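> Just to be clear, the model below is a prediction. Sequence and coordinates:
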Amino acid sequence: MSKDVVSRSLSVHKEHEVLLKLEAAGLTDELAQKVIGSKDNDLATKVVRLIQNGGFEATSSQKRAREIMGNNFFGVEENFKHFGIYYAMGPDARKALSEVPFTEEVLQAHKDTHVLVATFPLSILDIRSKAPRSLFYRHEDAWCNSQRFAKDKGEVAWHLVRKTPVQNSTNRTWSDQQSLLSQDEETPTARVLTYTIIGHFLATGERLFEHIYVRTSSVVSDDDGGSVGYFGSGGLRVDSRWDDGRSGDLGVSSSRKSN
């Protein structure tokens, strides 16, 4: 087979329909020739990527954040690819995510220690249903199935989440751990932390909080808080810990407050 011949995946009828749609949208002979003559098929690749992303085009703010954060970035395109989120990109979602709410200076300072993640309205149970089964410790009999915080879908937003527990936060109560946070930090919810851990793994293969639990701001009861961690080969664990308890394998999570 000639190297110029492409294996066909579309029927002739489907190709004709696509061409008619493109012509109706303004494709001219001149524009078609630009696609044909594009170096390394660059234009056609960009068109296909745009279709794959549901028509999403990154803003300059999003592009710059990606450049700074490198692999520690889980944005709109990663959500499309790994969680299949197309439905949520309405005007409100686009507006909420168009500008990253952290300065370039803040991103530069946190590019190696934090993950910048765009969250959509997905609960912990939703995330679990979209991720490979092996990435969560339990499913049908999981403790969190009946917990309200595990069903909370949250909002569309950017979060800058620390990849490790707050330093020296183990063997402390919840109150003691909170005193370690700077005025620019807060403890994220279990949903945001789960979103970050699973999303980052799907995008990079890196396991965060592999050998430790961390407390989150999610409330289980008057005396309990939600904790997340031990993301080893057995899958991520979503659990509860006494707020006044101390343990060597229980730290606290943190994220950077937005500008």
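Looks like it came in fine. Numbers count the residues shown, from 1 in each chain.
> Following element in sequence after the host helix or strand of residue 218, please.
In this assignment (DSSP states H and E), residue 218 forms part of strand 213-219. Using DSSP H and E, the helix or strand that follows strand 213-219 towards the C-terminus is strand 224-232.
> What are the buried residues along that next one?
By 16 or more other Cβ atoms under 10 Å, the buried positions in strand 224-232 come out as 224-231. From N, CA and C alone the C-beta is placed, and that goes for glycine too.
> tilt between the strand holding residue 218 and strand 224-232?
Relative orientation of strand 213-219 versus strand 224-232 (axes from the mean of the first three to the mean of the last three Cα atoms, to 10 degrees): 140 degrees.
> CA atoms of strand 213-219 as CSV?
This file holds the C-alpha atoms of strand 213-219, laid out as CSV (Å, rounded to 0.1, in the frame of the first residue of the first chain):
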residue,chain,number,x,y,z
TYR,A,213,-4.4,9.6,54.5
VAL,A,214,-5.1,13.3,54.5
ARG,A,215,-8.0,15.1,56.1
THR,A,216,-10.3,17.2,54.0
SER,A,217,-12.9,19.9,54.9
SER,A,218,-15.8,17.6,54.1
VAL,A,219,-17.9,16.9,57.2
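> Strand partners (parallel or antiparallel) of it?
strand 224-232 (antiparallel), strand 250-252 (parallel) (DSSP bridges).
> so can I have a markdown table of these showing distance to residue 94 and mean pLDDT?
Listed next are those as a markdown table, based on distance: least, Cβ to Cβ, whole Å; pLDDT from 0 to 100:
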| stretch | distance to residue 94 | mean pLDDT |
| --- | --- | --- |
| strand 224-232 | 29 | 93 |
| strand 250-252 | 33 | 97 |
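> Nearest approach to residue 71 belongs to which of those?
strand 224-232 (17.0 Å; Cβ to Cβ).
> Now tell me what touches that closest one from outside.
137, 144, 147, 149, 174, 189-190, 193-194, 197, 201, 207-220, 236-243, 250, 253 (Cβ atoms under 8 Å, 6 or more residues apart in numbering).
> What's the mean pLDDT across the strand holding residue 218?
For strand 213-219, mean pLDDT rounds to 95.
> try stretch 92-109
Computed over stretch 92-109, the average pLDDT equals 93.
> and it, which residues are buried?
Buried residues in stretch 92-109 (16+ other Cβ under 10 Å): 93, 96-97, 100-102, 106-107.
> Then stretch 167-184?
169-170, 172, 174, 177-178, 180-181.
> Show the end-to-end separation of it, please.
End-to-end distance for stretch 167-184: 15 Å, by Cα to Cα, to the nearest Å.
> Now that stretch: average pLDDT?
Rounded mean pLDDT across stretch 167-184 is 96.
> roughly how far is that stretch from the heart of the chain?
For stretch 167-184, the separation from the chain centroid amounts to 25 Å (computed by Cα atoms, centre = their mean, to the nearest Å).
> Low-confidence stretches in this protein?
Per-residue confidence for the chain (pLDDT under 70) gives these ranges: 1-8, 46, 49-56, 86-89, 221-223.
> again, 80 this time
Applying pLDDT under 80 to the chain picks out residues 1-10, 16, 18, 44-57, 86-91, 221-223, 242, 259.
> For it, just list every one of the strands.
73-74, 114-119, 157-162, 185-186, 213-219, 224-232, 235-242, 250-252, 255-256 (DSSP state E).
> Kind regards, and thank you for your time.
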